Structure formats: C-alpha cells, structure tokens
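Colleague: what follows is a predicted structure for the sequence shown.
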Amino acid sequence: MSLSIHEAVVPVLVRALQSLTAVLEKGRLHAESEKIEPSVLLGARLYPDMFPFSRQVQVVSDNCKGLVSRLAAVEPPKYADTETTFAELKERLEKTVKYVQSFQPGQFEGADKRVVELKFPNATLSFKSGWDYLFAFALPNMYFHSATAYDILRHSGVKLTKPDFLGKIN
C-alpha cells in the first residue's frame, strides 16, 4: 500500500487542530471555574524566552495552513495574529481546519518530488521533496508548538491528560 501526501497530511493536521481546539476549550473552562483572568493563561509561557500560549496556537495554525499550501504550491492565507481571547483562538483554529480540509488529493500532485523552500529573514531552508519537508520539518514543528501549548496549560493547572493531546482515536 502506498500513502499519498494528501492522506499523510490532511487527516493528521485536522486531528491535531481539533485536539488543540479541545485543549483550548479545557483552558477556557478552567479559567472560568477557577476565576482566573483568561489573559493570564493566554499569556502564560513555559520560560521567558518562549512564545506565550496564544502565540503557540497561532503558530500551529500558521504551520498547518502553510504546510498544505506549500505542498499544493499555492500562497497560504494570511491571518492577522490579533487573537486575544479563547473564543478568537478557537475561531482561528476552526477556520484553519476548514482551510486544510478544502484541499483535494489532486492539488498535491507532484509535491512528492517538488523542492520546498522556506525563506526566513536570516536563512532559507530547502527540502528536496514534499515528503522531506513534511517529515523533517513541518510535522515536527507543528507538534512542537501544539505540545508546548498543551504543556503551558497543563503547567498552569488545567486538568489535561495524554488523550486530550492525542485526540479522538477511532
């Protein structure tokens, strides 16, 4: 059996985004029940030089929309990064899920062999194929920021467990 890039990407990203949405909701409910100002959790960090929770969520969203867009050789949509509430972050994740789900298998044709380049202000990362980009950078990066968001809330007292991170297992 061979695996298509669409099969390796779209369901994986949707599941990760939906799991993060559920983690976000548990954070919102925790703030509400414990009478914690939501901005405290949204601004929480694991360490001073790391992104706060809200930025971790935004980076997951950016990574997911960028991943599918790069593999399909289209320009990703730009989101403003202005979310300041749990509800706004949830809306962003839901919008990202819809965007990821909008990609059809044919849009990834040739991605398995196409070079993928990421340009940063101080460097350019070049991957020899869509598969290389997917497995060497994009998925690990998405999971890093998703796990960090989870860890920030867990460290802040939100009752989260491994199944919350993993999401629904069929």
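Modeller: Great, that's in hand.

Colleague: in the top helix by length along the chain, what's buried?
Modeller: For the chain, the longest helix by residue count, based on DSSP state H, is helix 5-33. Under the neighbour-count criterion of 16 or more other CB atoms under 10 Å, helix 5-33 has 5-6, 8-10, 12-17, 19-24, 26-28, 30-31 buried. In this view, the C-beta of every residue, glycine as well, is placed from N, C-alpha and C.

Colleague: what sits against the residue nearest the centre of the chain?
Modeller: In the chain, the C-alpha nearest the mean C-alpha coordinate belongs to residue 60, at 2.4 Å (CA atoms, centre = their mean). Neighbouring residues of residue 60 by CB atoms under 8 Å, 6 or more residues apart in numbering: 16, 17, 20, 93, 142, 145, 146, 149.

Colleague: could I get the residues you listed as a markdown table with pLDDT and distance to residue 64?
Modeller: Written out in a markdown table, the entries for the contacts of residue 60 read as follows (pLDDT from 0 to 100; distance: CB to CB, whole Å):
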| residue | pLDDT | distance to residue 64 |
| --- | --- | --- |
| 16 | 97 | 7 |
| 17 | 98 | 6 |
| 20 | 98 | 10 |
| 93 | 98 | 9 |
| 142 | 98 | 6 |
| 145 | 98 | 10 |
| 146 | 98 | 10 |
| 149 | 98 | 13 |
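
Colleague: hmm, residue 75 is touching residue 69, no?
Modeller: Yes: using CB atoms under 8 Å, residue 75 is in contact with residue 69, at 6.4 Å.

Colleague: compare those two (neighbour count), which wins?
Modeller: residue 69 (17 against 9; other CB atoms under 10 Å).

Colleague: and the pLDDT at that one?
Modeller: On pLDDT, residue 69 comes in at 97.

Colleague: isn't it up against residue 63?
Modeller: No: between residue 69 and residue 63 there is no contact under CB under 8 Å: 10.7 Å.

Colleague: ok, and what's touching stretch 162-170?
Modeller: 15, 16, 18, 19, 22, 23, 26, 146, 147, 150.

Colleague: show the average pLDDT along stretch 107-114.
Modeller: Regarding stretch 107-114, the rounded mean pLDDT is 94.

Colleague: show me what that stretch is in contact with.
Modeller: Outside stretch 107-114, the residues that reach it (CB under 8 Å, 6+ apart) are 4, 5, 6, 9, 71, 72, 73, 74, 129, 130, 131.

Colleague: where along the chain do the strands fall?
Modeller: Per DSSP state E, the chain carries strands over the ranges 116-119, 124-127.

Colleague: redo those strands as a markdown table? Include mean neighbour count and distance to residue 167.
Modeller: Shown next, in a markdown table, are these (neighbours: other CB atoms under 10 Å; distance: least, CB to CB, whole Å):
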| stretch | mean neighbour count | distance to residue 167 |
| --- | --- | --- |
| strand 116-119 | 14 | 26 |
| strand 124-127 | 12 | 27 |
